[in-house]
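Q: Let me see the structure of the following:
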Amino acid sequence: MAESGDEWQVARRRKRAAGASKILQAGSAQRSFQEPLDISKTLQRIRDTVSELRCEEFWPQWKEKILVATSSALWSPPKDNISDGRPQLECVCYGLGPFSSSMSARYQLAMLLLLLDAAQISLKNCCVYDPVFTSGEREVLTELGVTVLTENEEGKRLATRPTLFYLMHCGKALYNNLLWKNWSVQCLPRLSVIGNSFSSMRDRATEREFSRDYSYITQAVSVCDEVELSCPSRWIDVFSDTAVITFPPDGLGSLPQCTWAEPPEPQYRHCPDLEIIQRGTELREEVN
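A: I've put the predicted structure just below:
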């Protein structure tokens, strides 16, 4: 796993969700002028990384915990989501990062591919998006077989069927937006999230500001189930603070009915250092 010191610096920055998107956003224009990506070489590096992760001791533990934690949400869908006796599972990945230049992002992509195989989710049913992707990286993802989204959804995607959301080291606003879009007792149980622990987000923030700016995460903490995914110390920069988050219907029923009435869309007026790249911002960066 020998890599340059520069790549490890990128990995350490991705460990901090608060700064990752801003760093990548600032560098997106510069990356667009880099030499064309060697597609074949990049694909081989990714496949080698998948093979490496598959041999790691923590992978079987992650696999078991994830499949057990998501079994209800992913494998017990409504009857209208079943075709030929099998559920039509989906996966959405946001904020992966520049995997052609960042070792951390590449290992997170490799983990995503392992999870898709373990959960029996078709590659074509996995949608991937990050505004920092170069055209070469989008081509690599297409060659891998996943679906590359063309629009920055800001996490505001409605889960119409059982969906695994892979949001490694993403900003709080992305999680908050996802919860808002699915804020109902019908939709939330369809979600399984692999990403930053909600309780850790809350514990690291000022309670008053966190409740004001990220109200949906604040409410979800008390009703979601979190399963910690621990890893060896040498993988902390890549997979730190990761959990499987699900939303059992029984827990959602404990919230007052008024909780679900016309939930307002998040605005983030008090967040000058928002941790996500908002729609349109990536275009201005490339023009500049």
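Q: I121 contacts Q88, correct?
A: No. Contact criterion Cβ atoms under 8 Å: I121 and Q88 do not qualify, at 9.6 Å. In this view, the C-beta of every residue, glycine as well, is placed from N, C-alpha and C.
Q: The two: which is more packed in?
A: Legend: neighbour count by other Cβ atoms under 10 Å for I121 and Q88, higher for I121 (20 against 16).
Q: if I look at that one, how far off is E90?
A: 7 Å (Cβ to Cβ, to the nearest Å).
Q: Show me the contact partners of the helix of greatest length in the chain.
A: If you go by DSSP state H, the chain has its longest helix at helix 58-75. For helix 58-75, the surrounding residues in contact (Cβ atoms under 8 Å, 6 or more residues apart in numbering) are 53, 87, 89, 111, 114-115, 118-119, 162, 164, 189-192, 194, 225, 227, 229-232, 235, 244, 246-248.
Q: what about that helix, distance to the chain center?
A: Computed by Cα atoms, centre = their mean, to the nearest Å, the separation of helix 58-75 from the middle of its chain amounts to 16 Å.
Q: and it, which residues are buried?
A: Neighbour counts over helix 58-75 (16 or more other Cβ atoms under 10 Å) mark W59, W62, K63, K65, I66, L67, A69, T70, S72, A73, L74 as buried.
Q: can you give me the strands for the stretch 1-150 of the chain?
A: Remark: strands assigned in the stretch 1-150 of the chain by DSSP state E, counting those that start in this stretch are 82-83, 86-87, 90-94, 126-129, 147-148.
Q: ok now the fourth one, how far from the chain's centre?
A: Put simply, strand 126-129 sits 10 Å off its chain's centre (Cα atoms, centre = their mean).
Q: Strand partners (parallel or antiparallel) of it?
A: Paired with strand 126-129 in the same sheet, following DSSP bridges, are strand 90-94 (parallel), strand 147-148 (parallel).
Q: how big is the angle separating the longest one from helix 58-75?
A: What that stands for is strand 90-94. 120 degrees (axes from the mean of the first three to the mean of the last three Cα atoms, to 10 degrees).
Q: Residues touching strand 90-94, excluding its own?
A: 112, 115-116, 119, 121, 125-130, 146, 153, 155, 157, 159, 161-167, 170, 174.
Q: what's the answer for the shortest one, then?
A: Identification of contacts with strand 147-148 by Cβ under 8 Å, 6+ apart yields K124, N125, C126, C127, V128, Y129, F133, R138, L141, T142.
Q: Mind checking the strands paired with strand 126-129 for the one nearest to T218?
A: Distance to T218, taken as Cβ to Cβ, is lowest for strand 90-94 among these, at 20.6 Å.
Q: and the closest one, how far from the chain's centre?
A: With Cα atoms, centre = their mean, you get 7 Å for strand 90-94.
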